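1. Any chance you could fold what I've pasted below:
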Amino acid sequence: MAVRRLLLMMISPMILLGVFLWIPGMPFGIYVFACWRCTWEMTPETAGFGAHARGEKRDGHVGMAGWLRRARLVLREYASTLRVKEFHKHLAIYLLVQVTMDVFGQTFVFFVVHDWNHTAAFASLLLGCAAVSLPLMPVFGWAMTKIGPKRLYAINFIGWLGTAWLFASLLLVGTLLEPWWTVFAVIGSLWFFAFKSLCGYLPWAVFPYIADIDQIVTRRYRSATFSGIQASFRQLGLGIATIAVGLGAGRGRLRRDARTADDGGGHWIGSRAAGLVYRLTVAMVICWIVSAHLAINKRTDGIVLTEITRLRNGDDKADVTPETRHVVERLTGLPYENCWR
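-> Numbers count the residues shown, from 1 in each chain. Take a look at the predicted model:
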């Protein structure tokens, strides 16, 4: 009897814990089931993952020569993505935005501490304003389908010029009463992070179009290859930017308390953090100019997909319409005759 009570005492908390964990997991399970039931997948060969799709031969033993051959094939695949003209623009916008955002995130606390003369806790409060992006995501998705990426990029970068709000906060430090200045800075941060989240959303919303453009060139859907090279450049840029920020902080001999520095280090970090906001504005203007030349949108992507379906069904390339030829050549940067080979 005592053993049964002991086992019951041990099992009861485990049962309660299981129920506690199971209830929050139910929505996740429902979402996964709905995704499995309502979506479809390509075969590995159709998607460009299969060994035969890459021209790779399977054998039992790989060896060093086999690994080198595979590495060469991967590098060749990555290099081939750079032939797509629209991908050049997309990659330039993505890297410039993301790397600039990385550096800004690493130095924003210094900007608040040394230029605004406020605490790191207040900087953390302002960074928490990034939560404003969560309810805006459905709005971003709706705007993407309604007005297209080109116009949405323009709205985004115009809004990003609201970085002037940060300069206004810098100029008004000590001029406005502290409660009013705090409200002014928080509202400016909400505006800032709302458009910052749109900056992060847009490149990935445009990304699926890129694989469609490449498909009419290579006859393969290589979204994983484009994602891989994009992530590689992203991590490379992040590493270089992080090293640059670290070297700058080291040259300024910044102390651990993040408020003072020896030999004018605080002035160095403060001026660099303030200058970063200038550079951020310049980067957004450059991205705005590049995005103004984007040709991809829902309509042009539909034209490309229709042409892919036509060619896949065995129709002759010579029967292409002038509009389709123009769209394909503008998006790929290649003559139509070099597509779907």
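2. what about the residue most central in space within the chain, which SS state?
-> In the chain, the centroid-proximal residue (C-alpha atoms, centre = their mean) is Gly200; its distance is 4.9 Å. Judged by DSSP: H, G, I helix; E, B strand; the rest coil, the three-state class of Gly200 is helix.
3. buried ones in stretch 328-341?
-> For stretch 328-341, a neighbour-count test (16 or more other C-beta atoms under 10 Å) marks 328-329, 331-332, 334, 336, 339-340 as buried. C-betas here are computed from N, CA, C, even on glycine.
4. The residue nearest to the centre of the chain: what's it in contact with?
-> Residues in contact with Gly200 (C-beta atoms under 8 Å, 6 or more residues apart in numbering) are 97-98, 101, 133.
5. Farthest pair within the buried residues of stretch 328-341?
-> Leu331 and Trp340 (13.4 Å; C-beta to C-beta).
6. picking that back up, possible to save the buried residues of stretch 328-341 as JSON lines with secondary structure?
-> Output for these, formatted as JSON lines (three-state DSSP):
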{"residue": "Val328", "secondary structure": "helix"}
{"residue": "Glu329", "secondary structure": "helix"}
{"residue": "Leu331", "secondary structure": "helix"}
{"residue": "Thr332", "secondary structure": "helix"}
{"residue": "Leu334", "secondary structure": "coil"}
{"residue": "Tyr336", "secondary structure": "helix"}
{"residue": "Cys339", "secondary structure": "coil"}
{"residue": "Trp340", "secondary structure": "coil"}
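7. quick check, nearest of those residues to Lys196?
-> Using C-beta to C-beta, Leu331 comes nearest to Lys196 of those, at 28.3 Å.
8. That closest one and Asn297 touch, don't they?
-> No - using C-beta atoms under 8 Å as the test, Leu331 is too far from Asn297 to be in contact (10.3 Å).
9. so where do the helices sit in the stretch 201-341 of the chain?
-> 223-251, 265-291, 298-312, 322-332 (DSSP state H, counting those that start in this stretch).
10. quick one, what contacts Phe87?
-> Contact analysis of Phe87 by C-beta under 8 Å, 6+ apart lists 81, 210, 213-214, 226.
11. pLDDT below threshold where in the protein?
-> Within the chain, the segments meeting pLDDT under 70 span 1-26, 28, 40-62, 161-162, 248-278.
12. hmm, try it at 80
-> 1-63, 66, 104-117, 134, 158-176, 244-281 (pLDDT under 80).
13. Domain parsing of it, as residue ranges.
-> In terms of domains, the chain is parsed into 82-297, 301-338 (source: automatic domain parsing).
14. Number of residues surrounding Val97?
-> For Val97, the tally of surrounding residues (other C-beta atoms under 10 Å) stands at 23.
15. Can you get me a residue count around Arg299?
-> 9.
16. any idea how far it is from Ile147?
-> For Arg299, the distance to Ile147 (C-beta to C-beta, to the nearest Å) stands at 12 Å.
17. related to what we said a few turns ago, of all the helices of the stretch 201-341 of the chain, which one comes closest to Val109?
-> helix 265-291 (8.6 Å).
18. For the contacts of Gly200, which ChimeraX command selects only the ones that are buried?
-> The ChimeraX selection below is limited to those of the contacts of Gly200 classed as buried (16+ other C-beta under 10 Å):
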select :97,98,101,133
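19. Pick out whichever of the contacts of Gly200 sits closest to Leu166.
-> Using C-beta to C-beta, those come closest to Leu166 at Met101, 14.2 Å.
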